[in-house]
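Trainee: below are the sequence and a predicted model; questions follow.
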Number of protein chains: 2
Amino acid sequence: MSLTIEVCLTPKLINQHTLEGKIAVVADIFRATSCIVTALSENATAIYPVSTMDECLKLGTQGMLTAGERGGIKIKEFNLGNSPFEYMGKVSGKEVAISTTNGTIALEKSKNAEQVIIGSFLNITATINYLIDQKLPVIIHCAGWKGAPNIEDTLYAGALVHQLIGHDYLAKSDSAKMALDLYRRNKNSLLKIALESDHAKRLKKFGITKDLDFCLQVDKYPNLNGRLMGSKIIKI
Amino acid sequence: MSLTIEVCLTPKLINQHTLEGKIAVVADIFRATSCIVTALSENATAIYPVSTMDECLKLGTQGMLTAGERGGIKIKEFNLGNSPFEYMGKVSGKEVAISTTNGTIALEKSKNAEQVIIGSFLNITATINYLIDQKLPVIIHCAGWKGAPNIEDTLYAGALVHQLIGHDYLAKSDSAKMALDLYRRNKNSLLKIALESDHAKRLKKFGITKDLDFCLQVDKYPNLNGRLMGSKIIKI
């Protein structure tokens, strides 16, 4: 019997799914999960996702670096924003507390899953290999934008579905099939469709276009996975 | 300034949108809104969508025909099920009370809109012409399946977005852009992608494949629109 893959398009719909016994892959492509994977590749010891700015600042007083954004904009009291470039050369051997608009909510709402791992295009092949190894049903939990589905996370979900059905997984639910269709139509021009997304337009307004190119790179970190263990994300 | 079109993929996400001042087009392609449009073409006087079986039966005792389903299956106390074929030759000059799994919820949750109209492939051109005439922003409210997005309603939403952006409307939100992409990829083979939907598979299990072909016919009723006025849907 094939293992199943589901896609949840936004945390607002996560109650439509059961998480128990499954691996949840959390995706916030622009930019939280792309940042987390980058931080792990830069040898951050652990990433602590937290819901509020206050929790983040409190962990800062305990020696962690603080990172995140609200509405796409860096928080001025924090050490780092939500651009993967800000993590480069700055986080090795350090712990980082991160709070973002959407990504941390999706992580929080995935906790009933058997395992929670961090999804991004930057390490998609590593993630696929890990999933196949685990032999568990998969649910891809898209962070979306303030509760609404978004193009870039759905595109990533479709890419993962596309790869996994090649390994005898079964796309369960229409959301998974629609994500697959979106990916297949656009797989040779990820940037083009992603640039049409509302969030890309917001980021462009802030002059952050280089982040978009960066986050859509496939397999920049071909052997790296991040997993949520209790309250922290570590490299596995 | 262009008028906007939004797409809400399921009633569970309707709170992400504001309805005031907009026309909501409610779509439950397999099969409630296709049935309603068919009933109006068959000269039913009015359709009363109600949430519960009990309400439906109560209206039945007042002389209305009762119609609907739960989980895709006809309710045995009702006069009619949820197949458009059951309405043919049976509803002329009559009022019909209808209660379905998803469609009536989407109608109920659309009531804050300036106008609520009934969407189906069967009268899509009539709907487009009506929308253009009204000069109001549009929100397409997909009924989905028990809270989850589905392929057939999203496909219809994409078809409507495709036509309206040709009349200078602006696709607002990533959901509208994804629906558009799904439609454009599949516009020459609506049936093929729709048959992959979970709901088509459920209906096939009940032996109801002819309903699927019927509901995907484009412009069978080229001049008919249905509008929710208070508690009833009438032909306009």
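Mentor: Great, that's in hand. Computed from a prediction, not measured in an experiment: that's the story for all the values here.
Trainee: residue A:215 contacts residue A:36, doesn't it?
Mentor: No. Counting by CB atoms under 8 Å, residue A:215 does not reach residue A:36; the two are 11.5 Å apart. Placement of C-beta: from N, CA and C, glycine included.
Trainee: mind listing the shared neighbours of these two?
Mentor: Contact criterion CB atoms under 8 Å, 6 or more residues apart in numbering or on different chains; residues shared by residue A:215 and residue A:36: residue A:120.
Trainee: which bits of chain A sit near chain B?
Mentor: A:9-10, A:12-13, A:15-16, A:145-151, A:154, A:173-175, A:177-178, A:181-182, A:184-186, A:193, A:196-199 (CB under 8 Å from any CB of the partner chain).
Trainee: which phi and psi values does residue A:7 adopt?
Mentor: Main-chain dihedrals, residue A:7, degrees, to the nearest 10: phi -130, psi 130.
Trainee: can I assume it is in contact with residue A:142?
Mentor: Yes. Here residue A:7 reaches residue A:142: they are 7.0 Å apart, a contact under CB under 8 Å.
Trainee: so in chain A, where's the weakest helix or strand by average pLDDT?
Mentor: Using mean pLDDT, DSSP states H and E, strand A:73-74 stands out as the lowest-scoring helix or strand of chain A, at a mean of 82.
Trainee: paired strands for that strand, with orientation please.
Mentor: Paired neighbours of strand A:73-74 in the sheet (DSSP bridges): strand A:65-70 (antiparallel).
Trainee: run through who's touching the strand it pairs with.
Mentor: Identification of contacts with strand A:65-70 by CB under 8 Å, 6+ apart yields A:35, A:39, A:53, A:56-57, A:59-60, A:75, A:77-82, A:86-87, A:90-91, A:94-101, A:104.
Trainee: which of those fall within helices?
Mentor: Of those, the ones assigned to helices by DSSP state H are A:35, A:39, A:53, A:56, A:57, A:59, A:60, A:104.
Trainee: residue A:10 is in contact with residue A:142, isn't it?
Mentor: Yes. Residue A:10 lies in contact with residue A:142 (CB under 8 Å); the separation is 6.2 Å.
Trainee: chain A: helices as residue ranges?
Mentor: Along chain A, counting by DSSP H, helices occupy A:32-41, A:53-61, A:103-108, A:124-134, A:151-165, A:174-186, A:190-195, A:198-205, A:209-215.
Trainee: do you know how far the residue nearest to the spatial centre of chain A is from chain B?
Mentor: Per CA atoms, centre = their mean, the C-alpha nearest to the average position across chain A is that of residue A:27, at 2.7 Å. Residue A:27 is 14 Å from chain B, where distance means CB to the nearest CB, to the nearest Å.
Trainee: quick one: which of the ones in helices among the contacts of strand A:65-70 has the most company?
Mentor: Each of these was scored for neighbours by other CB atoms under 10 Å in any protein chain shown, and residue A:35 scores highest at 33 neighbours.
Trainee: excluding chain neighbours, what is closest to that one?
Mentor: Distance criterion CB to CB, 6 or more residues apart in numbering or on different chains; nearest residue to residue A:35, sequence neighbours excluded, is residue A:84 at 5.1 Å.
Trainee: same check, this time on residue A:2
Mentor: Nearest residue to residue A:2, sequence neighbours excluded (CB to CB, 6+ apart): residue A:170, at 4.1 Å.
Trainee: quick check: that neighbour touching residue A:137?
Mentor: No. Using CB under 8 Å, residue A:170 is not in contact with residue A:137, being 9.3 Å away.
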